[in-house]
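Asks: need a 3D model of the following:
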Amino acid sequence: MIEASGLLEPTTGAPRPQNDTVGEIAAFADRQTGQLDKANTDKGGVKRMGSICDDRQAAALKEAQRRTRKKVLGVF
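Replies: Prediction:
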């Protein structure tokens, strides 16, 4: 599920500045910051997705163990 989401794919960096003017370098920094924000969001999504899956698996395991537990004298 996580692999299919594309969230684990590397986030490409921003295109390099075409020249070394201050304005172009500042624009590059803004673009690169945007790419970093995107990468952080993707990784946060993967973490949330993994946590949800782990929680659901733990709940299913607990339910399965509860159902297969043998009753002693009909009490447990």
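
Asks: the residue most central in space within the chain: helix or strand, and which one exactly?
Replies: Taking CA atoms, centre = their mean, the centroid of the chain lies closest to Val46, which sits 1.2 Å from it. Using DSSP states H and E, Val46 sits within helix 22-68.

Asks: could you tell me how far that helix lies from the centre of the chain?
Replies: With CA atoms, centre = their mean, to the nearest Å as the basis, helix 22-68 stands 2 Å off its chain's centre.

Asks: what is it packed up against?
Replies: Secondary-structure packing of helix 22-68 (3 or more CB pairs under 8 Å, 6 or more residues apart in numbering; DSSP states H and E): helix 2-5. Glycine gets a C-beta too; all of them are placed from N, C-alpha and C.

Asks: tell me the phi and psi of Leu7?
Replies: For Leu7, the backbone dihedrals (degrees, to the nearest 10) come out as phi -70, psi -20.

Asks: returning to that earlier point: which one is the residue nearest to the centre of the chain nearest to, not counting chain neighbours?
Replies: Using CB to CB, 6 or more residues apart in numbering and skipping the chain neighbours, the partner closest in space to Val46 is Leu7 (4.6 Å).

Asks: now what about stretch 31-48, what contacts it?
Replies: Ile2, Ser5, Leu7, Leu8, Glu9, Thr11, Thr12, Gly13, Ala14, Pro15 (CB atoms under 8 Å, 6 or more residues apart in numbering).

Asks: the same query, at a cut-off of 10 Å, please.
Replies: Applying CB atoms under 10 Å, 6 or more residues apart in numbering, the contact partners of stretch 31-48 are 2, 5-17.
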